[in-house]
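In: Compute the structure for the input listed below.
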Amino acid sequence: MRTVVVDGGPLTVDDVVTVAARRAAVELDPGLQARMAPAQKLVADVVAEDRTVYGITTGFGALASTHIDPAKAARLQIGLVRSHAAGVGPPLPDEVVRAMLLLRARSLAQGHSGVRYAIVERLTELLERDLLPVVPGKGSVGASGDLAPFAHLALPLIGEGLLRHDGATAPAGEMLAAHGLEPLVLQAKEGLSLLNGTEGMLALGTLALHRAQKLASAADLACAMSVEALLGSSRPFDPRIHALRPHQGQVASAARIAGLIDGSSIVASHAKDFVHAVQDAYSLRCAPQVHGAARDTFAFAAEVFSKELGAVTDNPIVFPATDDVVSGGNFHGQPLAFAMDFMAIAVTELGSISERRTDRILDPDRSSGLPPFLAAEPGLNSGYMLAQYTAAALVAENRVLSHPASVESIPTSGLQEDHVSMGWGAGRKLLDVVANTEHVLAVELLCAARGMEYRAPLRPAAATAAALAAIREVVPPLTDDRPIGAEIEAVATLIGAGRFDAY
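Out: The predicted model follows:
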């Protein structure tokens with residue numbers, strides 16, 4: 001596994017996933033300390049000269065006009081971290097915390113925050129040892145960045161808060177001592193820089209994007225298998241159709257579905273039977289248009305995230321070349337909030353159209369001769385009847401979660417922060433939508449696989465046959481009724497692991 005190097009330059013979505021989900025090693029570039037030094041010296045000069053600079057010699061938010069004695073600059077930063085650790089709710093998953101640690105280190109390493117090299121070094125040490133701060137999942141409005149989550153992420157640096165390691169949680173001071181690490185003493189601006197910025201919602205977005213792209217691949221495969229199960233037509237995937245409406249995602253999805261069913265004797269068996277199906281239902285025929293629009297949405301989000309993975313989102317921003325420290329608004333999460341809300345809508349629609357294909361497979365009046373609910377003995381057995389209920393419930397939940405968070409600004413900090421992005425909420429619910437849709441598509445894959453088997457002795461295409469074999473590695477064919485919840489989970493795990501990406 002490759003090592004991800006933090007040098008102050010941009011990272012990629014794959015860098016984040018490699019560290020967060022696969023626990024790749026992280027190294028600091030040898031020249032990083034020298035890169036960071038000029039900004040840190042300028043902050044020290046601001047304190048020594050008692051200049052009035054937001055967050056260094058003033059209070060925060062609505063208290064920005066309150067001057068702080070330079071002698072209390074360090075105390076100011078510690079109090080900031082403690083007071084902002086106001087998050088509530090269940091802790092974030094480990095992979096999200098790892099992504100936040102990496103992105104926070106990258107942001108501070110750019111040399112425009114004015115923090116010491118030791119801060120970035122400690123963040124990467126926590127990653128290296130998998131000492132993960134316990135970060136409650138709720139409490140950010142995505143305004144000056146993700147303040148509350150980052151406060152909980154920062155507390156262990158000063159020996160406070162909680163750390164988790166190998167499944168055990170303990171006070172940070174104890175956990176650091178057990179690993180031979182001393183708490184840091186924050187200096188001027190360091191607490192503020194540890195809290196400001198969009199890297200929390202960016203962590204959520206990049207991880208969700210990685211999973212959403214796998215969903216797009218799984219959706220195309222599920223549709224191809226459903227075409228075979230339902231004796232559908234290959235004609236709607238003719239490239240000539242899509243060349244006349246050349247949205248990139250649509251063209252790609254149509255080509256992939258066409259390739260997946262290429263060589264299928266099931267599809268060939270009725271290719272010239274215009275009595276059988278003059279036109280398939282929209283959930284089959286329009287899959288490239290729907291799946292492709294989702295793909296294009298993910299491409300838009302990837303572009304937004306790519307820019308943010310190389311951006312400076314701290315405040316104030318330190319410009320050592322001009323001896324200037326400037327307060328601005330790069331921490332505002334609106335670009336990310338919009339992208340993640342749009343992604344949630346797109347992922348929801350992948351699940352919505354998938355559930356319609358599942359329902360068609362299970363309905364004896366619309367399934368081209370398949371047994372009702374794919375039951376071996378309909379009536380005595382219920383088959384996959386309740387699997388569709390599960391898919392329907394998840395689609396309904398996704399529709400609620402697709403309401404945009406980014407339009408729900410609520411002012412904070414005595415109206416100093418009078419417009420906020422709610423990007424953190426957009427990211428949290430996006431991950432829920434992605435997880436729900438993994439399960440919706442798992443239901444379709446299970447039902448389509450069983451439907452294909454009922455078409456024997458006709459044989460599926462090579463690609464869909466390989467996917468069917470992969471499903472059968474974890475779930476046997478449904479004969480008599482049995483509990484199927486764990487089987488849906490097993491196929492959803494295959495989707496998340498990218499098992500269906502290559503077909």
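In: Any regions of this structure where pLDDT drops low?
Out: Low-confidence segments of the chain, defined by pLDDT under 70, span residues 273-278.
In: what's the residue closest to the geometric middle of it?
Out: Geometric centre of the chain, nearest residue: Ala208, 1.5 Å, by Cα atoms, centre = their mean.
In: a helix runs through it, doesn't it?
Out: Yes: assessed by DSSP: H, G, I helix; E, B strand; the rest coil, Ala208 belongs to a helix.
In: what about it, distance to Leu163?
Out: For Ala208, the distance to Leu163 (Cβ to Cβ, to the nearest Å) stands at 25 Å. Every C-beta, even on glycine, is put in place using the N, C-alpha and C of the backbone.
In: about what we covered before: surely the residue nearest to the centre of the chain touches Arg428?
Out: No: counting by Cβ atoms under 8 Å, Ala208 sits too far from Arg428 to count as a contact (9.6 Å).
In: quick one, helices of the stretch 351-500 of the chain?
Out: For the stretch 351-500 of the chain, applying DSSP state H, counting those that start in this stretch gives helices covering 385-401, 423-453, 462-474, 485-496.
In: could you dump those helices to CSV with mean neighbour count and distance to Glu125?
Out: Below are these laid out as CSV (neighbours: other Cβ atoms under 10 Å; distance: least, Cβ to Cβ, whole Å):
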stretch, mean neighbour count, distance to Glu125
helix 385-401, 18, 36
helix 423-453, 26, 26
helix 462-474, 18, 38
helix 485-496, 18, 29
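In: can you tell me which of those comes nearest to Asn196?
Out: helix 423-453 (13.7 Å; Cβ to Cβ).
In: related to what we said a few turns ago, make a markdown table from the helices of the stretch 351-500 of the chain and add distance to Val134 to it.
Out: Below are the helices of the stretch 351-500 of the chain laid out as a markdown table (distance: least, Cβ to Cβ, whole Å):
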| stretch | distance to Val134 |
| --- | --- |
| helix 385-401 | 25 |
| helix 423-453 | 16 |
| helix 462-474 | 33 |
| helix 485-496 | 24 |
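In: Show me the one of the ones you listed that comes nearest Pro70.
Out: helix 423-453 (33.2 Å).
In: Are there helices or strands packed against the closest one, and which ones?
Out: helix 199-229, helix 334-362, helix 385-401, helix 462-474, helix 485-496 (3 or more Cβ pairs under 8 Å, 6 or more residues apart in numbering; DSSP states H and E).
In: ok and that helix relative to helix 199-229, angle-wise?
Out: With axes from the mean of the first three to the mean of the last three Cα atoms, to 10 degrees applied, the angle from helix 423-453 to helix 199-229 works out at 20 degrees.
In: Check the offset of helix 423-453 from the chain's centre.
Out: Chain-centre distance of helix 423-453: 14 Å, with Cα atoms, centre = their mean, to the nearest Å.
In: can you check stretch 140-153 too?
Out: That offset, for stretch 140-153, works out to 17 Å (Cα atoms, centre = their mean).
In: Render the CA-only coordinates of that stretch in PDB, please.
Out: Taking Å, rounded to 0.1, in the frame of the first residue of the first chain, the C-alpha atoms of stretch 140-153 are listed here in PDB:
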ATOM      1  CA  SER A 140     -21.700  21.900  13.400                       C
ATOM      2  CA  VAL A 141     -23.500  24.400  11.200                       C
ATOM      3  CA  GLY A 142     -20.700  24.600   8.700                       C
ATOM      4  CA  ALA A 143     -20.100  28.300   9.300                       C
ATOM      5  CA  SER A 144     -16.600  29.100  10.500                       C
ATOM      6  CA  GLY A 145     -16.000  25.500   9.400                       C
ATOM      7  CA  ASP A 146     -16.900  22.600  11.500                       C
ATOM      8  CA  LEU A 147     -16.100  24.200  14.900                       C
ATOM      9  CA  ALA A 148     -17.500  21.700  17.400                       C
ATOM     10  CA  PRO A 149     -16.300  18.500  15.600                       C
ATOM     11  CA  PHE A 150     -12.900  20.000  15.200                       C
ATOM     12  CA  ALA A 151     -12.700  21.100  18.900                       C
ATOM     13  CA  HIS A 152     -13.300  17.500  19.900                       C
ATOM     14  CA  LEU A 153     -10.700  16.400  17.400                       C
END
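In: how about the nearest residue to Ala118 once chain neighbours are set aside, phi and psi?
Out: Leaving out its chain neighbours, the residue that sits closest to Ala118 by Cβ to Cβ, 6 or more residues apart in numbering is Leu184, at 6.3 Å. When quoted as degrees, to the nearest 10, the phi and psi of Leu184 stand at phi -90, psi 150.
In: And Val325, by the same measure?
Out: phi -130, psi 120.
In: ditto for Gly137
Out: Torsion angles, degrees, to the nearest 10, at Gly137: phi -80, psi -10.
In: Check the gap between it and Ser234 for me.
Out: Taken as Cβ to Cβ, the span from Gly137 to Ser234 is 45 Å.
In: related to what we said a few turns ago, what about the residue nearest to Ala118, how many neighbours?
Out: Counted by other Cβ atoms under 10 Å, the residues lying close to Leu184 total 18.
In: Contacts only, for it.
Out: Listed by Cβ atoms under 8 Å, 6 or more residues apart in numbering, the contact partners of Leu184 are 118-119, 122, 157-158.
In: Which stretches in the stretch 151-300 of the chain count as helices?
Out: 172-178, 190-195, 199-229, 239-243, 248-260, 265-268, 282-285, 287-308.
In: would you turn those helices into JSON lines with distance to Asp365?
Out: Shown next, in JSON lines, are these (distance: least, Cβ to Cβ, whole Å):
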{"stretch": "helix 172-178", "distance to Asp365": "61"}
{"stretch": "helix 190-195", "distance to Asp365": "59"}
{"stretch": "helix 199-229", "distance to Asp365": "15"}
{"stretch": "helix 239-243", "distance to Asp365": "28"}
{"stretch": "helix 248-260", "distance to Asp365": "25"}
{"stretch": "helix 265-268", "distance to Asp365": "20"}
{"stretch": "helix 282-285", "distance to Asp365": "15"}
{"stretch": "helix 287-308", "distance to Asp365": "21"}
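In: which stretch among those comes nearest Val400?
Out: Short answer: helix 199-229, nearest of the helices of the stretch 151-300 of the chain by Cβ to Cβ, at 17.4 Å.
In: Could you tell me the angle between the closest one and helix 287-308?
Out: 160 degrees.
In: quick one: helix 199-229 to helix 485-496, angle?
Out: Angle, helix 199-229 to helix 485-496, by the same axes, to 10 degrees: 110 degrees.
In: got the angle between helix 199-229 and helix 248-260?
Out: Going by the same axes, to 10 degrees, helix 199-229 makes 40 degrees with helix 248-260.
In: Give me the distance between helix 199-229 and the centre of its chain.
Out: The answer for helix 199-229 is 10 Å, by Cα atoms, centre = their mean.
In: gap between the two ends of stretch 474-484?
Out: Across stretch 474-484, the terminal residues are separated by 12 Å (Cα to Cα, to the nearest Å).
In: With stretch 41-56 instead?
Out: 13 Å.
In: again, but for stretch 127-146
Out: Taking Cα to Cα as the measure, stretch 127-146 stretches 20 Å from start to finish.
In: Buried residues of it, list them for me.
Out: 127, 131-137, 139-146 (16 or more other Cβ atoms under 10 Å).
In: do the same with stretch 174-187
Out: Buried residues in stretch 174-187 (16+ other Cβ under 10 Å): 175-176, 181, 183-184, 186-187.
In: Identify, from these, the entry nearest to Ala151.
Out: For the buried residues of stretch 174-187, the nearest to Ala151 is Leu186 (12.2 Å; Cβ to Cβ).
In: which residues does the nearest residue to the closest one once chain neighbours are set aside contact?
Out: Residue nearest to Leu186 in three dimensions, not counting chain neighbours: Gln77, with 4.3 Å by Cβ to Cβ, 6+ apart. Each residue near Gln77 by Cβ under 8 Å, 6+ apart is listed here: 186-192.
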